[in-house]
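1. have a look at this fold, sequence not included:
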């Protein structure tokens, strides 16, 4: 059993937010913040200091790639997993180049999300032990 992580969800779709929140809780983690756009995510990150961020790529105003760059500029150790639709492979590559640790393809399943979180932990930037 993994130690619970504090997760911030960044997505402009309420349905996706609800699904991700339920999956994250089912996996034993805590949703500490939900942001509906990139600017809100950049502002909220230092306040809630999540262990992990799930980041939608396609959002109005600031996309998930720019949001990832902006968060990593102020928090270089931030752990960010992109949540993306099929057909956005070029954007996924740009997101990984921007510093994201991995990605989950929509439709997101609990298994795919768990695997992405596990891979992010194995990359070493997520804490193996988190005290809550």
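-> Done, it's in. Being a predicted model, the structure only gives us computed values, none of them experimental. Residues are numbered from 1 along each chain as shown.
2. which stretches of this structure form strands?
-> Assigned by DSSP state E, the strands in the chain fall at 6-10, 30-35, 52-56, 80-84, 102-105.
3. any chance of those in JSON lines, plus distance to residue 73 and mean neighbour count?
-> (Each C-beta comes from the backbone N, C-alpha and C, glycine too.) Rendered in JSON lines, the data for those read as follows (distance: least, Cβ to Cβ, whole Å; neighbours: other Cβ atoms under 10 Å):
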{"stretch": "strand 6-10", "distance to residue 73": "16", "mean neighbour count": "24"}
{"stretch": "strand 30-35", "distance to residue 73": "17", "mean neighbour count": "18"}
{"stretch": "strand 52-56", "distance to residue 73": "14", "mean neighbour count": "27"}
{"stretch": "strand 80-84", "distance to residue 73": "12", "mean neighbour count": "25"}
{"stretch": "strand 102-105", "distance to residue 73": "20", "mean neighbour count": "20"}
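4. let's have these in CSV, adding distance to residue 17.
-> Conversion of the strands of the chain to CSV gives the following (distance: least, Cβ to Cβ, whole Å):
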stretch, distance to residue 17
strand 6-10, 6
strand 30-35, 5
strand 52-56, 9
strand 80-84, 10
strand 102-105, 14
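5. now render these as CSV, adding mean pLDDT.
-> Compiled in CSV, the strands of the chain are given as follows (pLDDT from 0 to 100):
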stretch, mean pLDDT
strand 6-10, 97
strand 30-35, 98
strand 52-56, 96
strand 80-84, 92
strand 102-105, 90
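6. for residue 43, which of the ones you listed is the nearest?
-> Of all the strands of the chain, it is strand 30-35 that lies closest to residue 43, at 8.3 Å by Cβ to Cβ.
7. show me how far the closest one is from its chain's centre.
-> For strand 30-35, the separation from the chain centroid amounts to 10 Å (computed by Cα atoms, centre = their mean, to the nearest Å).
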